[in-house]
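Student: sharing a model prediction with you, sequence too.
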Amino acid sequence: MAGMGSFSLLLALAVTSTRSSIKRLGQRWIRLHQAVYAAAILAVIHHFWLTKADYRPAIIHGAILALLLAARLIWRIRKSA
């Protein structure tokens, strides 16, 4: 379910990445494309669920995602302050 959810979100993002979609959706395009964060989290969950024995690659991918999301959060806080 997590993998399919992530795939569905990424498919919607791919379909709406054209110039005409950006113009047509306006500000809603930005909110839609913030779904990439949810898709990334779902992809890491999917990776954990697929792993049977060695969780190290899934943990590394999760840690990289956590670092990137933390950096994004810090950047956003500093930008608004």
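Tutor: Alright, I've got the coordinates.
Student: tell me which helix or strand in this protein has the weakest average pLDDT.
Tutor: helix 27-33 (a mean of 90; mean pLDDT, DSSP states H and E).
Student: where do the strands sit along the protein?
Tutor: Ranges of strands within the chain: none, based on DSSP state E.
Student: show me the helices in this structure, by range?
Tutor: 2-15, 19-25, 27-33, 36-50, 56-80 (DSSP state H).
Student: rebuild these as CSV, extending it with mean neighbour count.
Tutor: For glycine as for every other residue, the C-beta is placed from the backbone atoms N, C-alpha and C. Shown next, in CSV, are those (neighbours: other C-beta atoms under 10 Å):
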stretch, mean neighbour count
helix 2-15, 14
helix 19-25, 11
helix 27-33, 12
helix 36-50, 16
helix 56-80, 11
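Student: the closest residue to L69 other than its chain neighbours and R72, how far apart?
Tutor: Distance criterion C-beta to C-beta, 6 or more residues apart in numbering; nearest residue to L69, sequence neighbours excluded, is Y37 at 6.8 Å. Y37 is 8 Å from R72, where distance means C-beta to C-beta, to the nearest Å.
Student: equivalent analysis for A12, please.
Tutor: A12 sits 21 Å away from R72, going by C-beta to C-beta.
Student: just the CA coordinates for stretch 68-77, please, in CSV.
Tutor: Output of stretch 68-77 as CSV, limited to C-alpha atoms (Å, rounded to 0.1, in the frame of the first residue of the first chain):
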residue,chain,number,x,y,z
LEU,A,68,17.1,16.3,4.0
LEU,A,69,13.7,16.9,5.5
ALA,A,70,15.4,18.4,8.6
ALA,A,71,17.5,20.7,6.4
ARG,A,72,14.4,21.8,4.5
LEU,A,73,12.6,22.5,7.8
ILE,A,74,15.5,24.5,9.2
TRP,A,75,15.8,26.5,5.9
ARG,A,76,12.1,27.2,6.0
ILE,A,77,12.2,28.4,9.6
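Student: all good on my end, thank you.
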